[in-house]
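Asks: what follows is a protein structure lacking sequence information:
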């Protein structure tokens, strides 16, 4: 795990707003719906799909499943957007099953706390694919402070 600097992006796609315990049921449904409509999405830089997650408080989250594009990219159609800020992010590559991504995000958050850093409310997961090929995910947790806590 390490801290990296990222440029801002916008994740364009379908929204899911739900309590944490419902995300494991609702997010896969959103992915299936997105893959049925993905021809209407703007192209992603690397050909993969993305998921942006923001903790709304009180155990509720907003997820946007879609593609990550430049903030200047033209967006047409009725898509939801998640504006992902630039700056410092904790990064880890996940090569295991998709079902274990939550555990990897938990490990990133614990690593940040161990480093004395603030854990931000936004997460970014890059690397989803619409086919059945193995997936490598680039996982990021926003670090809102620029120094030690």
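Replies: Perfect, I can see it now. Here the structure is a predicted model, which means the values were calculated and not measured.

Asks: can you list the buried residues in stretch 43-57?
Replies: Of all the residues in stretch 43-57, those buried under the rule 16 or more other C-beta atoms under 10 Å are 44, 48, 49, 50, 51, 52, 53, 54. Every residue, glycine included, has its C-beta placed from N, CA and C.

Asks: remind me what the lowest-mean-pLDDT helix or strand in the chain packs against, helices and strands.
Replies: Lowest on mean pLDDT, DSSP states H and E among the helices and strands of the chain sits helix 20-37, with a mean of 91. The helices and strands touching helix 20-37, judged by 3 or more C-beta pairs under 8 Å, 6 or more residues apart in numbering; DSSP states H and E, are strand 9-19, strand 49-57, strand 60-69.

Asks: on that earlier part again, return the member of the buried residues of stretch 43-57 nearest to residue 27.
Replies: Proximity of those to residue 27 was ranked by C-beta to C-beta; the top entry is residue 51 with 7.5 Å.

Asks: got a pLDDT number for the nearest residue to that closest one once chain neighbours are set aside?
Replies: Excluding the flanking residues, the one nearest residue 51 by C-beta to C-beta, 6 or more residues apart in numbering is residue 125, at 4.4 Å. The per-residue pLDDT reported for residue 125 equals 96.

Asks: low-confidence stretches in the protein?
Replies: Counting by pLDDT under 70, the chain contains low-confidence ranges at 132, 134, 146-149.

Asks: dump the buried residues of stretch 43-57 to TSV, plus distance to residue 14.
Replies: TSV is the format used below for the buried residues of stretch 43-57 (distance: C-beta to C-beta, whole Å):
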residue	distance to residue 14
44	15
48	16
49	11
50	12
51	10
52	11
53	13
54	15
